[in-house]
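Trainee: coordinates only, sequence not included:
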């Protein structure tokens, strides 16, 4: 079941904690007029620059990302760019 699958998440926890993988905030993606997804999803580097320049929260903090992953309530989804 889910607890068995959750045991596989420890490697993902390590890369989320290190910042090697970042999770986008759903609120940012859903915001009216979000520049992140129109006309296509921006690359991570562009999103990081947007976050820094505009002082907005685009990504979950590493702590928030790990908590979302460990919540067992399907708060994390994957999408690859390419």
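Mentor: Structure's in. What do you need? Fair warning: this is a prediction, and the values are worked out from it, not measured in the lab. Numbering: from 1, shown residues only.
Trainee: chain center to the helix or strand bottoming out on mean pLDDT in the chain, what's the gap?
Mentor: Ranked by mean pLDDT, DSSP states H and E, the helix or strand of the chain with the weakest confidence is helix 2-6, at a mean of 72. Centroid displacement of helix 2-6 relative to its chain, using Cα atoms, centre = their mean, to the nearest Å, is 20 Å.
Trainee: and the contacts of the next helix or strand along the chain from that helix?
Mentor: As assigned by DSSP states H and E, the chain's next helix or strand after helix 2-6 is helix 10-18. For helix 10-18, contacts defined as Cβ atoms under 8 Å, 6 or more residues apart in numbering pick out 21-23, 62, 65-66, 69-70. Every residue, glycine included, has its C-beta placed from N, CA and C.
Trainee: what about helix 10-18, average pLDDT?
Mentor: The average pLDDT for helix 10-18 rounds to 92.
Trainee: farthest pair within the contacts of helix 10-18?
Mentor: Greatest spatial distance among the contacts of helix 10-18 (Cβ to Cβ): 22 and 70, at 16.6 Å.
Trainee: and residue 23, what does it touch?
Mentor: Residues near residue 23 by Cβ under 8 Å, 6+ apart: 16, 59-60, 64-65, 68, 76.
Trainee: show me what the least confident helix or strand of the chain is in contact with.
Mentor: Outside helix 2-6, the residues touching it (Cβ under 8 Å, 6+ apart) are 70, 72.
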